[in-house]
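Visitor: Please find the sequence and the predicted model below.
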Amino acid sequence: MFDVRLMPAAFVGMLLCRLLCGDVALAAADRSLADESVTVHKFVVPDSLTAGASAPIDTVAPVELERMVVTARRIASNRSAVTRINAEEIEGIFSDLPAVLEQVAGVTIRRTGGFGEYANASIRGGSPKQVQVYLDGIPLNTAAGGAVDLSKISLGSLQEITIYKGSAPLEIMGNTGGGVICLSTKPTSDMVNALFGFGSYGYSKAGVIVRKKSGEAINHCAVDYTNARNDYMFEHDNGTQYNKTDDTRERKHNNAYSIVSATYSNKWQTDPRNTLLSKVAYAKTNKELFHKSLIDALQKTDQTVDNAHGSLRWERMCRAGYAGAQLKGRWERRLFHDPLGSYYIGGERKVEEQFPYAEFQIDGLWEVSNIVQAKALVTAAYERYGSENILCETQEDPPEANRLFGSTAIELAANWGKLFLAGRYNHVFSRDSANFTPNHGGGISLSKVYSGFYPNANVDIVASIAPWLTADIALRREYLPITLSERYGWANGYMGNPNLDPECKTEISVGLTVLNGDTKTALAVFAGSTDDIIQLQVQSQNILMAQNTGDQRYIGFEWDAHVYLFDLLAFDNHLTFIAKRTCPYEKTWDNASTPLYHSPLENDFRINLSLGPFSIGHSVHYRSPYMKGYTKDNDLVNPMPIMNAYLSMKAFGPATFTYRVENYLNESIETMGHFAPLPGRMHFIAGQMRF
């Protein structure tokens, strides 16, 4: 009997064979996950559907190559659940990536301190661990689980940021129920861009980006360095969180942060049929770890993270589409060094974690007819997590877990003039193994293996109602793979759970996009549910275990508005509202509660005035009350609006200089960070030379 689980693979095989046998087209184009326009093809969306797509959210015109048009990216501009930000919009105005994402409707940022200190994102009220982050198509999330620390990603090297709040492109389906953030470092035109900046608390940065086309090759390289002392004042509670009478004000030491990154990429069109794309990148971050109870002389603890990644891709243009193959890899090492035993008993401690990752993908696109096109891909990947106390001589078998997974995915898209329809299906197989049991820590040489299938599907409908009005509907149902840490646990105080069910997310979103002259706005209403939510639960004293804790339903809306007046004034507003209801595991909805651990309402308002070479901007970010704790009434926080301002001047031809004032408030910092900065201001000077 034929196994239905093999149908996607069979379809992919037939599709790729069909592609490779076709005649050759005339040109190849860049591939980028952030684009969705994976390659040049003949599937043309009419102008009526993409009219006015030059909004700040996505300012890209079609690229014509002998009647072949890249159009999928312009479709994305009319999807209310997709936001795209270009580097030109944010240069000199924001200090880091979390600050940029904070202005996007539907995205909530949680910080634990100043620049370079841990920050994560949640999208549409989901868990931060569910948000997938890709850098030039390479995933930054690890199979071990946990959210990506956005503060450790260099903003200076990024050229484009794309946020998928609803259904995701085919290439990154499979674990995108919490939304996707795609980051691209690749410029779209020849350039030389030099950046520098300095500011409060020892902040400094410098970088250069170069892109040059030479013959049939395009080369791009970038180097970026950022550093900050972060020696701000904080309020010390002296171990009595709810007693304010003994609080003191002190200055943080051993809290510096630095990051250096370098990137090189190349695109080479070897002949009219074939194109090679390659990329290598390396980043090194160092974060000193402040300890509340130690004098300055004993503040020696730090964490260093090395991250190297690269990719190699081949594309062949065919008569009715393309075929391609790609190899991706990532290696990450995290080294925690506590030379004085400040955090652990027993003297010096040095813990090293490694996260190697490798992926191979075959994909292709086939134009079935003038209306219908098909896309398919097959992916196989391997990931490992290993942790070792490298100063411990007795640890002969340190804990290690492995994940081997593969997926097949297909997409069918159709265009009937003013109506565009796309459906995607992705089927993931995962096999996990470890050298220890779920109920024991590392060093127990008892292998445990678990396997699972995770089907995912989404549908996008985009309709042009009028030349200035577009409607879109998105539906998705996705299963989120269980992480290795949830499955196995790592330390004595964290047990794994072999009996977990995967979280399942179902969502529908309806949106309208208005692009009418100088008024551009998008509104989206969404509702959904997350079944079998996985959270850490206390089992006994100092013992935690991941468990399915219940189901959640939510409803919300997002509103993005951009208004321009007389080429002088620009207004931007980004509003998010989310309401949730959570039902405990094996209970009825009569027992449901309304969690308030995140602000249900957030709004970001910005105004910009342009006068010749000068540009003046001001922003206000508001968050509604939320709970920092779990039980006490005084855990309810009423944040004050955070206001920032900047003054930018263009001078000496290609040079731009920006002075920026940022306000930060301790109410905007999560309690997990502890000893957050006191309310105050930070001042920055930023400059750039673009040739």
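Guide: All right, it came through fine. Numbers count the residues shown, from 1 in each chain.
Visitor: Extract the C-alpha trace of whichever strand or helix holds His427 and format it as PDB.
Guide: Secondary structure assignment for His427, by DSSP states H and E: strand 419-434. Presented in PDB, the C-alpha positions along strand 419-434 are these (Å, rounded to 0.1, in the frame of the first residue of the first chain):
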ATOM      1  CA  LEU A 419      -7.000  37.700  -7.400                       C
ATOM      2  CA  PHE A 420      -4.000  35.800  -6.100                       C
ATOM      3  CA  LEU A 421      -4.200  32.500  -4.300                       C
ATOM      4  CA  ALA A 422      -1.300  30.400  -2.800                       C
ATOM      5  CA  GLY A 423      -1.500  27.200  -0.700                       C
ATOM      6  CA  ARG A 424       1.500  25.600   1.000                       C
ATOM      7  CA  TYR A 425       2.000  22.300   2.700                       C
ATOM      8  CA  ASN A 426       5.100  21.200   4.700                       C
ATOM      9  CA  HIS A 427       5.700  17.800   6.300                       C
ATOM     10  CA  VAL A 428       8.500  17.500   8.800                       C
ATOM     11  CA  PHE A 429      10.000  14.400  10.300                       C
ATOM     12  CA  SER A 430      12.200  14.700  13.400                       C
ATOM     13  CA  ARG A 431      14.400  12.100  15.200                       C
ATOM     14  CA  ASP A 432      15.900  13.100  18.500                       C
ATOM     15  CA  SER A 433      18.500  11.100  20.500                       C
ATOM     16  CA  ALA A 434      20.600  11.800  23.600                       C
END
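Visitor: Pull up the pairing partners for that strand, direction included.
Guide: In the sheet, strand 419-434 lines up against strand 400-415 (antiparallel), strand 448-466 (antiparallel) (DSSP bridges).
Visitor: Now do the buried residues in it.
Guide: Of all the residues in strand 419-434, those buried under the rule 16 or more other CB atoms under 10 Å are 420-428, 430, 432-434. Quick note: C-beta positions are derived from backbone N, CA and C, even for glycine.
Visitor: Same check on stretch 110-123?
Guide: For stretch 110-123, by 16+ other CB under 10 Å, it's 110-123.
Visitor: got it, and stretch 331-351?
Guide: Result for stretch 331-351 [16+ other CB under 10 Å]: buried residues 332-338, 342, 349, 351.
Visitor: Okay, now the unreliable bits of the stretch 551-691 of the chain?
Guide: Scanning the stretch 551-691 of the chain for pLDDT under 70 picks out 628-635, 664-679.
Visitor: If you tally nearby residues, what's the number for the closest residue to Thr142 other than its chain neighbours?
Guide: Of all residues not flanking Thr142 in the chain, Phe355 sits nearest, at 4.7 Å (CB to CB, 6 or more residues apart in numbering). Other residues lying near Phe355 total 19 when counted by other CB atoms under 10 Å.
Visitor: tell me the least confident of the buried residues of strand 419-434?
Guide: Within the set of these, pLDDT is lowest for Ala434 (88).
Visitor: From Tyr488, how far out is that residue?
Guide: Counting by CB to CB, to the nearest Å, the separation of Ala434 from Tyr488 is 5 Å.
Visitor: that older thread, relative to Ser387, which of the buried residues of strand 419-434 is nearest.
Guide: Of all the buried residues of strand 419-434, Ala434 has the smallest distance to Ser387: 11.4 Å, by CB to CB.
Visitor: wait, what's in contact with the nearest residue to that closest one once chain neighbours are set aside?
Guide: Nearest residue to Ala434, sequence neighbours excluded (CB to CB, 6+ apart): Ala401, at 4.0 Å. Taking CB atoms under 8 Å, 6 or more residues apart in numbering as the criterion, Ala401 is in contact with 143-144, 384-386, 432-435, 484, 487-488.
Visitor: can you list the weak-confidence ranges in the stretch 201-350 of the chain?
Guide: 239, 241-242, 293-297, 344-346.
Visitor: can you give me the helices in it?
Guide: Using DSSP state H, counting those that start in this stretch, the stretch 201-350 of the chain contains no helices.
Visitor: Same check on the stretch 551-691 of the chain?
Guide: Going by DSSP H, counting those that start in this stretch, the stretch 551-691 of the chain shows no helices.
Visitor: picking up where we left off before, which pair of the buried residues of stretch 110-123 spans the longest distance?
Guide: Gly114 and Ile123 (23.9 Å).
Visitor: contacting residues around the closest residue to Pro139 other than its chain neighbours?
Guide: Take Pro139 and drop its neighbours on the chain: the residue closest to it by CB to CB, 6+ apart is Gln132, 6.5 Å away. By CB under 8 Å, 6+ apart, the residues touching Gln132 are 139, 141, 172, 175-176, 178-181.
Visitor: Pro98: which of these is nearest?
Guide: When the contacts of Gln132 are compared for distance to Pro98 (CB to CB), Ile181 comes out closest, at 10.8 Å.
Visitor: Mind listing the strands the host helix or strand of the closest one pairs with, and their directions?
Guide: Element membership of Ile181, judged by DSSP H and E, is strand 180-184. Note on strand 180-184: by DSSP bridges, its sheet partners are strand 132-135 (parallel), strand 160-164 (antiparallel).
Visitor: from the chain's centre, how far out does that strand sit?
Guide: Put simply, strand 180-184 sits 5 Å off its chain's centre (CA atoms, centre = their mean, to the nearest Å).
Visitor: So what touches that strand?
Guide: 32-34, 97, 101, 121, 131-137, 153, 158-164, 168, 172.
Visitor: For it, what does the pLDDT average out to?
Guide: What strand 180-184 shows for mean pLDDT is 92.
Visitor: helices and strands around the helix or strand hosting Asn193, which ones?
Guide: Using DSSP H and E, Asn193 sits in strand 191-199. Packing partners of strand 191-199 (3 or more CB pairs under 8 Å, 6 or more residues apart in numbering; DSSP states H and E): strand 203-214, strand 680-690.
Visitor: for the stretch 401-550 of the chain, which spans come out with low pLDDT?
Guide: Low-confidence segments of the stretch 401-550 of the chain (pLDDT under 70): 439-447, 491-493, 540-542.
Visitor: Residues in contact with both of Ala434 and Tyr488, list them for me.
Guide: Residues touching both Ala434 and Tyr488 (CB under 8 Å, 6+ apart) are 399, 401, 448.
Visitor: quick one: the first one from Asn435, how far?
Guide: Between Pro399 and Asn435 the distance, using CB to CB, works out to 7 Å.
Visitor: When these two are compared, which one has more neighbours?
Guide: Neighbours per residue (other CB under 10 Å) separate Pro399 from Asn435, with Pro399 holding more: 22 against 19.
Visitor: Once you drop chain neighbours, what's closest to Gly423?
Guide: Using CB to CB, 6+ apart, the closest residue to Gly423 is Val459 (4.9 Å).
Visitor: Make sure that neighbour is actually in contact with Arg477.
Guide: No: checked against CB atoms under 8 Å, the pair Val459 and Arg477 is beyond contact range at 9.7 Å.
Visitor: Quick one: work out the angle between the strand holding Asn193 and strand 680-690.
Guide: If you take axes from the mean of the first three to the mean of the last three CA atoms, to 10 degrees, strand 191-199 sits at 160 degrees to strand 680-690.
Visitor: quick one: strand 191-199 to strand 203-214, angle?
Guide: 180 degrees.
Visitor: hmm, who's touching strand 191-199?
Guide: Residues outside strand 191-199 that contact it (CB under 8 Å, 6+ apart) are 91-92, 95, 156, 203-211, 224, 660, 682-691.
Visitor: and Leu469, how many residues sit next to it?
Guide: 16.
Visitor: Enumerate every residue touching it.
Guide: 512-514.
Visitor: ranking those by neighbours, who comes first?
Guide: Thr513 (25 neighbours).
Visitor: Quick check: that one vs Ala206, distance?
Guide: From Thr513 over to Ala206 (counting by CB to CB), the distance is 39 Å.
Visitor: what's the answer for Thr437, then?
Guide: Thr437 is 50 Å from Ala206, by CB to CB.
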